[in-house]
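Colleague: Okay, structure incoming, though there's no sequence with it:
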């Protein structure tokens, strides 16, 4: 086994027993492959901690094939009893706001989020965790929710949770903003592909890039979303499955503001099966509805056809006309096909390669990873630099 200790020692770096000291970490060169939300924020966080960082991406941040692409993503903190995700979202909200001010760019829109359930059995366990994290929430009866948001039909809803701090993020723009800041703060960006050699065997000696160059570093971080399984067929393989997801945008009635962000929150509807979620029309793009695709087919993120499926358009329309009666007959004004890079259990993967501990693998966003971006990057950067222990929930050993 090639360890990070032996690799750094051969490069002349001094390593403290068990972890890299802060001083040694600041002298490291770290290559991050993938400029999506996980890779971009991790690269920026490592840079801000003093490491020398090179960020590599084949097509650019938030590109059309990426799981971090597209216009918007929901940010909410209700995760049942999963405390680690609640803490990540609470920290992420702070960091999104801080970086907005630093960059003078609006990326976070806190229009609130409404979670609808048939009963409170799952989501109610989140209430004490949300309150403990200092997030403002309200539990609502269907009647109360209906009075607050009369444009929503509450049939089938038994319990609702309203998160005041929640809302949505501009996804593609955020990835680009992270890259711009990364470069401005001294990072190196290379828009190149990693050559498809057997990384399970060849990586410890460096990376071959598509321009013919050879990239050496002290540590390597792979945040390649739906491509991780192909890059690491033994370590990841089917543990991450890219699956096809479709998003639909419907036009609202002329002059009707009820379905915009000033009067409508984001919503996550678990009171229907299959579930749906949506975002009020940001920048007049239309009313976004997505979901409703359980057991979605495996998808090729590089060459897959991204045309909308008529049956799923019809399912989204049926749902929309039931839950939002005033939108009956609304025209379809846009569609997008993307993918989730789903881990087997829906939890993230953050761990060192079992045969090379200077190689890190980050992934398994599973359709809920984007919102965590800055907090995820901060946390993972601390682990890579030996300042923080790894999180057992995200380890590769759970798949053994």
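Modeller: Arrived safely, thanks for sending. Just so it is clear, the structure is predicted and the values come from calculations on it, not from any experiment.
Colleague: can we go C-alpha only for contacts and neighbour counts from here?
Modeller: Will do.
Colleague: now the helices for the stretch 101-250 of the chain?
Modeller: Along the stretch 101-250 of the chain, the segments classed as helices by DSSP state H, counting those that start in this stretch run 127-132, 142-148, 171-184, 199-202, 228-231.
Colleague: shaky segments in the stretch 1-150 of the chain?
Modeller: Scanning the stretch 1-150 of the chain for pLDDT under 70 picks out the ranges 1-26.
Colleague: switch the cut-off to 90
Modeller: 1-27, 80, 120-126 (pLDDT under 90).
Colleague: just the stretch 151-300 of the chain next, same as before
Modeller: Across the stretch 151-300 of the chain, the ranges flagged by pLDDT under 90 are 195-206, 281-285, 291-295.
Colleague: just the strands in it please.
Modeller: Using DSSP state E, counting those that start in this stretch, the strands of the stretch 151-300 of the chain run over 159-163, 167-170, 188-190, 207-208, 214-215, 219-222, 240-250, 266-269, 276-279, 287-291.
Colleague: Can you tell me which of those is nearest to residue 196?
Modeller: Proximity to residue 196, assessed across these by Cα to Cα, is greatest for strand 207-208 (8.5 Å).
Colleague: how long is stretch 126-144 end to end?
Modeller: 20 Å (Cα to Cα, to the nearest Å).
Colleague: distance of residue 231 from residue 223?
Modeller: For residue 231, the distance to residue 223 equals 11 Å [Cα to Cα].
Colleague: The two: which is more packed in?
Modeller: residue 223 (26 against 20; other Cα atoms under 10 Å).
Colleague: got a list of what that one touches?
Modeller: 32-36, 38-39, 361-363 (Cα atoms under 8 Å, 6 or more residues apart in numbering).
Colleague: which one of these has the most neighbours?
Modeller: residue 35 (32 neighbours).
Colleague: How about it: what's its closest non-neighbour residue?
Modeller: Excluding the flanking residues, the one nearest residue 35 by Cα to Cα, 6 or more residues apart in numbering is residue 61, at 5.0 Å.
Colleague: count of neighbours near the nearest residue to residue 183 once chain neighbours are set aside?
Modeller: Distance criterion Cα to Cα, 6+ apart; nearest residue to residue 183, sequence neighbours excluded, is residue 189 at 6.9 Å. Using other Cα under 10 Å, residue 189 has 19 neighbouring residues.
Colleague: and if you look at residue 91?
Modeller: Per other Cα under 10 Å, the neighbour tally for residue 91 reads 18.
Colleague: got it, and residue 395?
Modeller: Counted with other Cα under 10 Å, residue 395 comes out at 16.
Colleague: Need the nearest residue in space to it, chain neighbours excluded.
Modeller: Distance criterion Cα to Cα, 6+ apart; nearest residue to residue 395, sequence neighbours excluded, is residue 351 at 5.4 Å.
Colleague: got the contact list for the helix or strand harbouring residue 74?
Modeller: For residue 74, the host element (DSSP states H and E) is strand 72-75. Strand 72-75 has contacts (Cα under 8 Å, 6+ apart) with 89, 166-172, 266, 279, 370-371.
Colleague: Does the residue nearest to residue 183 touch residue 58 like I think?
Modeller: No - using Cα atoms under 8 Å, residue 189 makes no contact with residue 58, being 10.9 Å away.
Colleague: so what's residue 333 up against?
Modeller: Per Cα under 8 Å, 6+ apart, neighbours of residue 333: 248-251, 286.
Colleague: Quick check on these: which are buried?
Modeller: Among the contacts of residue 333, those scoring as buried are 248-251, 286 (criterion: 16 or more other Cα atoms under 10 Å).
Colleague: Save the residues you listed as CSV, and put in distance to residue 105 too.
Modeller: Converted to CSV, those look like this (distance: Cα to Cα, whole Å):
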residue, distance to residue 105
248, 26
249, 25
250, 27
251, 27
286, 22
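Colleague: Identify the farthest-apart pair in these.
Modeller: 248 and 251 (10.1 Å).
Colleague: What sits closest to residue 215 if chain neighbours are left out?
Modeller: In space, and not counting its chain neighbours, residue 215 is closest to residue 207: 4.9 Å by Cα to Cα, 6+ apart.
Colleague: Quickly list what the residue nearest to residue 183 is bridged to.
Modeller: Counting by DSSP bridges, residue 189 is bridged to residue 55.
Colleague: show me what contacts it?
Modeller: Counted by Cα under 8 Å, 6+ apart, residue 189 has contacts 54-56, 183.
Colleague: Quick one: residues contacting the nearest residue to residue 214 once chain neighbours are set aside.
Modeller: Of all residues not flanking residue 214 in the chain, residue 208 sits nearest, at 4.7 Å (Cα to Cα, 6+ apart). Shown in contact with residue 208 (Cα under 8 Å, 6+ apart): 194-195, 214-215.
Colleague: Repeat that for residue 370.
Modeller: Each residue near residue 370 by Cα under 8 Å, 6+ apart is listed here: 37-38, 68, 73, 171.
Colleague: Neighbour-wise, give me the winner out of these.
Modeller: For the contacts of residue 370, counting by other Cα under 10 Å, the largest number of neighbours falls to residue 37: 32 neighbours.
Colleague: Find the nearest non-adjacent residue to that one, please.
Modeller: residue 373 (5.5 Å).
Colleague: cool, and residue 110?
Modeller: That would be residue 167: by Cα to Cα, 6+ apart, it lies 4.2 Å from residue 110.
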